[in-house]
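Colleague: Sharing a model prediction with you, sequence too.
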Amino acid sequence: MDNLDISATETTPEIKFDFSNHHFLFGGESYPEHSDEFYRPILESIQQYSQNDSNEPATFVFKLTYFNSSSARVLMKLFELIDEMGENREINIEWHYHEEDDTMEEFGEDFSDDIENANFKLMSYSDD
């Protein structure tokens, strides 16, 4: 599979999928006018990746600083896909949030509640 590299814009996050190294990054803000349209190729590439027979551990890193409600719905679909992969291989999810951002911490906690087959780790960071 070809890697996926989408630069961040004012309303969309940076997406960096390195399929050969099993590393996936989502970073920045997500409030595109048409979330389903923006995320469709991303979800499709994750679905395609999930069908390969690799047993290699995969890591999904979320460094989102803001997202709107339509992005939240897509993220929920994304977490379902990722969690399903955890039935057959080791899947690690890292949810990064600024130590002073209670909202993003709570979103991470909420998303982690629905994860059954993957390892979900909340990770705070500071400006230091």
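Modeller: That came through, no problem.

Colleague: only C-alpha atoms for contact and neighbour calcs from this point on.
Modeller: Will do.

Colleague: Please identify which helix or strand holds residue 41.
Modeller: Using DSSP states H and E, residue 41 sits within helix 35-50.

Colleague: and the helix or strand following that helix, how far out from the chain's middle?
Modeller: Using DSSP H and E, the helix or strand that directly follows helix 35-50 along the chain is strand 58-67. Between the mean C-alpha location of strand 58-67 and the chain-wide mean there is a distance of 5 Å, by Cα atoms, centre = their mean, to the nearest Å.

Colleague: I'd like the next helix or strand past strand 58-67.
Modeller: helix 69-85.

Colleague: what's near enough to touch residue 68?
Modeller: Applying Cα atoms under 8 Å, 6 or more residues apart in numbering, we find residue 68 in contact with 30, 31.

Colleague: 6 Å - rerun?
Modeller: Residues in contact with residue 68 (Cα atoms under 6 Å, 6 or more residues apart in numbering) are residue 31.
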